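> take this sequence and fold it.
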Amino acid sequence: MPLRIEDYALIGDCETASLVGRDGSIDWLCWPRFDSGACFAALLGGPEHGHWVIAPAGEVKRNKRRYQKHTLILETDFETAEGAVTIIDFMPIRERHRDLIRIVCGRRGQVPMKMELTLRFDYGRSVPWVTSLDDDTLRAVAGPNMVSLRTPVPLKGEDLKTVSEFTVNEGQRIPFALSYRASHKKLPEPLDIESALQKTEKFWQDWISRCTYNGPWKESVERSLITLKALTYHPTGGIIAAPTTSLPEQLGGKRNWDYRYCWLRDATLTLLMLMDCGYYDEAADWQNWLVRAVAGSPDQVQIIYGLAGERQLTEWEVDWLPGYEGAKPVRVGNAAADQFQLDIYGEVASALHHAREGNLPPNEPGIELEKTLLDHLEKICQKPDKGIWEVRGPEQQFTHSKVMAWLAFDRAVKSCERFGVRGPVERWRKMRETIHEDVCRKGYDPELGSFVQAYGSKCLDANLLMIGTSGFLPPSDSRFQGTVRAIETRLKRNGFVMRYDTEEVNDGLPVGEGVFLVCSFWLAESYALLGRREDACKLMEELLAVRNDVGLLAEEYDINEKRLVGNFPQAFSHIGLVNAALRISDGARAERRGR
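Numbering: from 1, shown residues only. The predicted structure is shown next:
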């Protein structure tokens, strides 16, 4: 059985990522990209599906871990009866090929250690052919994939895996370098391990030093920013939702999805947040990625793309993997790519407008793309859609989707007014007014004193909180205040906010899931907007308390089992954390997107 989700930590190189367990086992790694087939898939099965463990051979008395300050370099301490040892895990930002480095450091005494490397490509299915090339190098090949392992400790083959037993002494540093390259190319060159460590440390420290946030949750915000940067695919500027697939939203359930792709929504919200913290280079890269990915007929715009803008994300089931704690099916690809969702137009327009506010250089293709998308939105904004939650039930007239359609025209109008962007501004103003009136008439229920999930519905949805944070209505409006009160009354569970009640809403899936963490961060933001600072700070601290020991959040939280659930680490959750911190700490700066 795998560890709990919160027992994992993330390392990565801005092209792919690994999950490292507190027990010293790397149980998830997709090479060469985030969305490639996993060569370590024990997370969704068992050791036989691929993992790499380095740990003390004997009983571990104490264990703790941390990231080196301001980096994505992980240190895990083990204490045994024989002594103490630290394992340093990191992935260098790629220069020539892709590497995963582990350094075993003796701190006290003499500690017997064990290593077990089980490579299984294609999500745990393909056993590679392993060859010993010299005393310290192994090569493993399966189809297009080649991995080499270099280490000074003796290695041997055993039951289709590579194992080693060795002892680390006080002051000793024993390196292990796992490198990936396509199998038709030459073996990757040896890496200067200590130099790679120093360069990796400098990369992350230099990057986070650009953060402009200096509020009360600075350390938490910086960790979230580093995590979000690690979810960026550097070669193209695409931003993934999470580095994993099929970690269940309900333990043992079927709400298991592949999040290793670029959602326009998630990527846009990430960029809004990054720009609020001073990171405009990433915004420029994202604009270029957007133009490439969305280019073409506006009626073919997707909500999800591959890392380089790929459109074919066919969903299929990996039937040879039993799933995390038995939660099946394990899915690769995502059928939501074929869904119609209105909200993405508003989020894209908001990001482009926000980039102009940040004095990003003009992007002419981006301006033309925005105009084309708005022309298309005029024609489709009255249609029902699948909504932000990508329901697999019937399409509806979701209130939030209409609010985001309003946002698209509102931001376009403001770009014309403030930055001289040319476009049919009077037509856009009329569309903005028409949609606003429609939402206030059909999306608000006077009997409930609240906006509702969809026109004609009596159900609530946490995304209605964005009516205030987007600027659709001012915080002083009684309809927004009533919506906040209704969500507090009907969607809060043990202090956290459900996205909606699955027993009331037909989303096409079995009833039951954890609470979506981003929804609680939205409520904290709403408290701040309403001047309820004490409530906002209290909820913020409660949310920070459910992070794991290295500051990471999954998509959801199981309030009964008190466990993180869903894909991990989740961009949406960390976006919510940073936005809430900004809103509470410095409302004026975070308020820019609501103007």
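> name the nearest residue to Ser401, sequence neighbours excluded.
Leaving aside its sequence neighbours, Ser401 sits nearest to Leu342 (CB to CB, 6 or more residues apart in numbering; 3.9 Å). For glycine as for every other residue, the C-beta is placed from the backbone atoms N, C-alpha and C.
> ok, Thr200 to Arg98 distance?
Look at Thr200 and Arg98: by CB to CB, to the nearest Å, they are 13 Å apart.
> so what sits against both of those two?
Met91 (CB atoms under 8 Å, 6 or more residues apart in numbering).
> who has more neighbours out of the two?
Thr200 (22 against 19; other CB atoms under 10 Å).
> my guess is the residue nearest to Ser401 contacts Glu378, does it?
No - using CB atoms under 8 Å, Leu342 is not in contact with Glu378; the gap is 11.9 Å.
> the two: which is more packed in?
Leu342 (26 against 18).
> tell me which residues touch that one, please.
377, 380-381, 383, 385, 398, 401-402, 404-405.
> the closest residue to Asp35 other than its chain neighbours in helix, strand or coil?
In this structure, Asp35 finds its nearest non-sequential neighbour in Arg260, 4.4 Å apart by CB to CB, 6+ apart. At Arg260 the chain is in coil, as set by DSSP: H, G, I helix; E, B strand; the rest coil.
> from Arg125, how far out is Arg260?
Distance of Arg260 to Arg125, given as CB to CB: 18 Å.
> how about Pro362?
49 Å.
> before we move on, the earlier item: neighbour count winner among Arg260 and Arg125?
Neighbours per residue, other CB under 10 Å: of Arg260 and Arg125, the larger number sits with Arg260, 27 against 16.
> give me the phi and psi for the more buried one.
Recorded main-chain torsions at Arg260 are phi -90, psi 40, according to degrees, to the nearest 10.
> is it true that it touches Ile240?
Yes - between Arg260 and Ile240 there is a contact under CB under 8 Å: 5.5 Å.
> pull the CA atoms of the helix or strand hosting Ser573 into PDB?
Take DSSP states H and E as the rule and Ser573 turns out to sit in helix 571-585. Presented in PDB, the C-alpha positions along helix 571-585 are these (Å, rounded to 0.1, in the frame of the first residue of the first chain):
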ATOM      1  CA  ALA A 571      -2.100  24.200  -8.600                       C
ATOM      2  CA  PHE A 572      -5.600  25.400  -7.900                       C
ATOM      3  CA  SER A 573      -5.100  25.000  -4.100                       C
ATOM      4  CA  HIS A 574      -1.800  26.800  -4.100                       C
ATOM      5  CA  ILE A 575      -3.300  29.600  -6.300                       C
ATOM      6  CA  GLY A 576      -6.100  30.000  -3.700                       C
ATOM      7  CA  LEU A 577      -3.600  30.200  -0.900                       C
ATOM      8  CA  VAL A 578      -1.500  33.000  -2.500                       C
ATOM      9  CA  ASN A 579      -4.600  34.900  -3.600                       C
ATOM     10  CA  ALA A 580      -6.100  34.800  -0.200                       C
ATOM     11  CA  ALA A 581      -2.800  35.900   1.400                       C
ATOM     12  CA  LEU A 582      -2.700  38.800  -1.000                       C
ATOM     13  CA  ARG A 583      -6.300  39.800  -0.500                       C
ATOM     14  CA  ILE A 584      -6.000  39.700   3.300                       C
ATOM     15  CA  SER A 585      -2.600  41.300   3.600                       C
END
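> output the contacting helices and strands for it.
Packing partners of helix 571-585 (3 or more CB pairs under 8 Å, 6 or more residues apart in numbering; DSSP states H and E): helix 218-230, helix 264-276, helix 517-529, helix 533-544, helix 587-590.
> quick one, which of these gets closest to Asn506.
For those, proximity to Asn506 was assessed by CB to CB; helix 517-529 is nearest, at 19.3 Å.
> run a quick neighbour tally on Gly393.
There are 12 residues near Gly393, going by other CB under 10 Å.
> cool, Glu426 as well?
Neighbour count for Glu426, taken as other CB under 10 Å: 10.
> which SSE is it in?
Per DSSP H and E: Glu426 is located in helix 425-442.
> show me what that helix is packed up against.
Short answer (3+ CB pairs under 8 Å, 6+ apart): helix 425-442 packs on helix 364-380, helix 399-419.
> please identify the most buried of the ones you listed.
Neighbour counts (mean count of other CB atoms under 10 Å) averaged over each of those peak at helix 399-419, with a mean of 24.
> pLDDT of that one, averaged?
Across helix 399-419, pLDDT averages out at 94.
> tell me what that helix is packed against?
helix 343-357, helix 364-380, helix 425-442, helix 466-469.
> any buried residues in the longest one, and which?
Put plainly, it is helix 425-442. 425, 428-429, 431-432, 435-436, 438-439 (16 or more other CB atoms under 10 Å).
> rebuild the residues you listed as CSV, extending it with pLDDT and distance to Arg223.
Listed next are the buried residues of helix 425-442 as CSV, based on pLDDT from 0 to 100; distance: CB to CB, whole Å:
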residue, pLDDT, distance to Arg223
Val425, 94, 42
Trp428, 96, 39
Arg429, 97, 42
Met431, 97, 41
Arg432, 97, 38
Ile435, 97, 38
His436, 98, 38
Asp438, 97, 41
Val439, 98, 37
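> nearest to Leu373 among these?
Leu373 lies nearest to Trp428 out of the buried residues of helix 425-442, by CB to CB, at 12.0 Å.
> and the residue nearest to Asp35, what does it touch?
Here Arg260 is in contact with 30, 34-35, 240-245 (criterion: CB under 8 Å, 6+ apart).
> next one: Leu138
By CB under 8 Å, 6+ apart, the neighbours of Leu138 are 130-132, 148-149, 155, 162.
> where are the low-confidence patches of this protein?
1, 363, 587-595 (pLDDT under 70).
> so how far is Arg490 from Arg223?
For Arg223, the distance to Arg490 - CB to CB - is 32 Å.
> and these two? Which one has more around it.
Neighbour count, other CB under 10 Å: between Arg223 and Arg490, Arg223 has more, with 24 against 15.
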